[in-house]
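**Q** just a sequence and a predicted model for now, questions to come.
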Amino acid sequence: MASHIEPHQYTVKRTVSCCGVGLHTGRTVNLTISPAPANSGIQFVRSDLAGRPTIPARVERVVDTTLATTIGDGRNKISTTEHLMAALRGCGIDNAVIDLDSHEVPIMDGSAGPFTRLLKTAGLHRQQALRKMLRITRPLSYVDGNKSIRIEPYDGFKVSGRIQFDDALISEQRYSVEVNPERFTKEIASARTFGFVEQVEQLWQNGLALGGTLDNVIAIHWNRRSILNEDGLRFDDEFIRHKVLDVIGDIALLGSPVLGHVIADRSGHSLHLGLMRTIIDNPHSWEYVTFQKRGESLLRQVVQSTQNSGHRFAPFFAPVNESLPQQACAM
């Protein structure tokens, strides 16, 4: 059993705020992270709208995976959730209220690093409730053409990724990491999003990526041998590390920590969604468990076995407003 598993739920100790720009609108966005009760999960609040609608960060609320992961309630939406969700999961935060005055999470420097530092400033508060973890018991996979992603049983949470580009700068990169707060902070959080210069220019022409600059995107030169960012790369393999970051952020939308090994080959947000929907559709391949410490060891208890109960997906964290209409996932 992985010794680093923390059995209790956590929220932030104090409220913290930051300000940035939306990647696609280029508009200023104010974001505040506040403590939340146990078993409430991650809740996004649109404070710029009448009634301050709340959108739970859950996979069934995903409405778009084009260029980023967007969640919504049929009327309102929150886009580019993946970097913040990765920071929350990577730092071990189970419950928090995220207040935004826009429909975009600010892009910051294009990584999860600024959010990770903000969460460390906020501090962690251990709650009395135990974590209910989704434990994979049988391998599951999702394939789309030459891209694939799968998850296998594993006593912990591990992500392995591979990307392949036909250029000299990236070529093939692989990375594998046991996700815990220490390794996430050191190895994954600061890896930035990237794009080819001509792709960014095309997005600008279509009224998108208006907030994209060399301060928040790694811009790959036309020659495919260098980048335009004067400060260079933060890691030699920063590209695959950022892809792993996206996996962590998207998988967090399952609503509870996952015990399993995710193996992603040239994946993106739509494949991550495909894997999560595959998990939901195969209830005999996972179970919910809790852990309790006895001395230096961890004891596992199955709290819900879908094989025995016949239940399908039952997210541990309940949304604040269950009356919101369910939105079908978009591939």
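**A** Looks like it came in fine.
**Q** could you check the pLDDT of the residue most central in space within the chain?
**A** The structure's the chain has its C-alpha centroid closest to residue 249; by Cα atoms, centre = their mean the separation is 0.9 Å. Note on residue 249: pLDDT of 98.
**Q** past the helix or strand hosting it, which element shows up next along the chain?
**A** Assigned by DSSP states H and E, residue 249 belongs to helix 238-251. Helices and strands here follow DSSP H and E; after helix 238-251, the next one along the chain is strand 258-265.
**Q** can you list the low-confidence ranges for this structure?
**A** The chain contains residues with pLDDT under 70 at 1-3, 295-296, 304-331.
**Q** now do the strands in the stretch 151-300 of the chain.
**A** 157-164, 172-178, 194-196, 218-220, 258-265, 286-294, 297-305 (DSSP state E, counting those that start in this stretch).
**Q** quick one: closest of those to residue 151.
**A** strand 258-265 (4.6 Å; Cβ to Cβ). Every C-beta, even on glycine, is put in place using the N, C-alpha and C of the backbone.
**Q** helix or strand for residue 117, which one?
**A** With DSSP H and E as the criterion, residue 117 is inside helix 113-122.
**Q** in that helix, what counts as buried?
**A** By 16 or more other Cβ atoms under 10 Å, the buried positions in helix 113-122 come out as 113-119, 122.
**Q** and the angle for it with helix 238-251?
**A** 60 degrees (axes from the mean of the first three to the mean of the last three Cα atoms, to 10 degrees).
**Q** what's helix 113-122 packed up against?
**A** strand 16-21, strand 28-34, helix 82-91 (3 or more Cβ pairs under 8 Å, 6 or more residues apart in numbering; DSSP states H and E).
**Q** orientation of it relative to strand 16-21 in degrees?
**A** Using the same axes, to 10 degrees: helix 113-122 against strand 16-21 is 160 degrees.
**Q** tally of neighbours for residue 37?
**A** 12 (other Cβ atoms under 10 Å).
**Q** hmm, I typed the wrong one, I wanted residue 146.
**A** Residue 146, neighbours per other Cβ under 10 Å, totals 8.
**Q** try residue 196
**A** Residue 196 has 15 neighbours, counted by other Cβ under 10 Å.
**Q** what of residue 17?
**A** By other Cβ under 10 Å, 12 other residues sit near residue 17.
**Q** in the sheet, who's paired with it?
**A** Per DSSP bridges, the residues bridged to residue 17 are residue 32.
**Q** in this structure it contacts residue 34, no?
**A** No. With contacts counted by Cβ atoms under 8 Å, residue 17 stays clear of residue 34, the gap being 9.3 Å.
**Q** which neighbours do the two share?
**A** Common neighbours of residue 17 and residue 34, using Cβ atoms under 8 Å, 6 or more residues apart in numbering, do not exist here.
**Q** ok so, going back, can I get the buried residues of helix 113-122 in JSON lines with distance to residue 207?
**A** Formatted as JSON lines, the buried residues of helix 113-122 follow (distance: Cβ to Cβ, whole Å):
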{"residue": "113", "distance to residue 207": "28"}
{"residue": "114", "distance to residue 207": "26"}
{"residue": "115", "distance to residue 207": "26"}
{"residue": "116", "distance to residue 207": "31"}
{"residue": "117", "distance to residue 207": "31"}
{"residue": "118", "distance to residue 207": "29"}
{"residue": "119", "distance to residue 207": "32"}
{"residue": "122", "distance to residue 207": "35"}
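**Q** and the residues you listed, which is closest to residue 294?
**A** For the buried residues of helix 113-122, the nearest to residue 294 is residue 119 (29.5 Å; Cβ to Cβ).
**Q** show the contacting residues for that closest one.
**A** 12, 16, 33, 87-88, 91, 93.
**Q** nearest to residue 203, of the residues you listed?
**A** Looking across the contacts of residue 119 and measuring by Cβ to Cβ, the closest to residue 203 is residue 87, at 24.3 Å.
**Q** the residue lying closest to the closest one once chain neighbours are set aside: what's it in contact with?
**A** Nearest non-adjacent residue to residue 87, counting by Cβ to Cβ, 6 or more residues apart in numbering: residue 115, 3.6 Å away. Residues near residue 115 by Cβ under 8 Å, 6+ apart: 18, 83-84, 87-88, 108, 189.
**Q** go with 7 Å
**A** 83-84, 87, 108 (Cβ atoms under 7 Å, 6 or more residues apart in numbering).
**Q** how about residue 7?
**A** Residue 7 touches 130-131, 290-293, 298, counting by Cβ under 7 Å, 6+ apart.
**Q** distance of the closest residue in space to it that isn't next to it in sequence from residue 13?
**A** The shortest distance from residue 7 to any non-neighbouring residue, by Cβ to Cβ, 6+ apart, is to residue 291 (4.0 Å). Distance of residue 291 to residue 13, given as Cβ to Cβ, to the nearest Å: 22 Å.
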